[in-house]
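S.K.: sequence and predicted model, in that order:
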Amino acid sequence: MDKLKAYFNKTSSRLVLSVLSITIAHLSFGQGNCLIYEKNSGERKACELSYQAIGYKQGSRESQILFDSAIAIGPNYAWAYYEKSVPYFKRGLLNEGIKLLNKAVALEPGNHYLCYRALMIAMHVVLQTWRGITTPSTKVLTSPLAVKLRCGYF
């Protein structure tokens, strides 16, 4: 147990840095300008609905309904999937969040969504390790160090 606590304490500082890096990436690569999309296109309408959604508390019923509407109107607008996934991760609902984030990654694989997904999985594994649930092979594949090497967050 002491080794696990030492690992967690060492890893937690890495996770703090990772979350800080994600925040910076989010500010740098967040929702773009809606005017880049063609007027009356699904993506532009989805973008505009997403801007309305972020006016509400994250994960609130109102914001999630607006993100659902944005996804229905502009199914190729990746940022709506990404933003809709965040409250699921914050509530510990990894599977639901990953399904949405996978769609964002499929739509824009070159964006930061891929690394955000890796980080969310790594954080989940660290918590599962702390609880004694995760197998060693899973820890190696999705460790914060693996995320660091793949995404260059450190």
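M.R.: Perfect, I can see it now.
S.K.: which strand or helix spans the spatially closest residue to Ile98 that is not a sequence neighbour?
M.R.: The shortest distance from Ile98 to any non-neighbouring residue, by C-beta to C-beta, 6 or more residues apart in numbering, is to Arg117 (6.7 Å). Where C-beta positions appear, they are placed from N, C-alpha and C, glycine not excepted. Element membership for Arg117 (DSSP states H and E) is helix 113-130.
S.K.: that older thread, and the residue nearest to Ile98, what is it in contact with?
M.R.: Arg117 is in contact with Ile98, Leu101, Asn102, Val105, counting by C-beta atoms under 8 Å, 6 or more residues apart in numbering.
S.K.: now with 7 Å?
M.R.: Arg117 sits next to Ile98, Leu101, Val105 when contact means C-beta atoms under 7 Å, 6 or more residues apart in numbering.
S.K.: how many residues are close by the first one?
M.R.: By the measure other C-beta atoms under 10 Å, the count of residues near Ile98 is 18.
S.K.: how near is it to His112?
M.R.: Separation of Ile98 from His112 (C-beta to C-beta, to the nearest Å) stands at 16 Å.
S.K.: just the second one next, same as before
M.R.: Spatial separation of Leu101 from His112 under the definition C-beta to C-beta is 11 Å.
S.K.: which pLDDT value goes with Ala53?
M.R.: At Ala53, the pLDDT value in this model is 93.
S.K.: hang on, I meant Ile71
M.R.: Ile71 is assigned a predicted lDDT (pLDDT) of 97.
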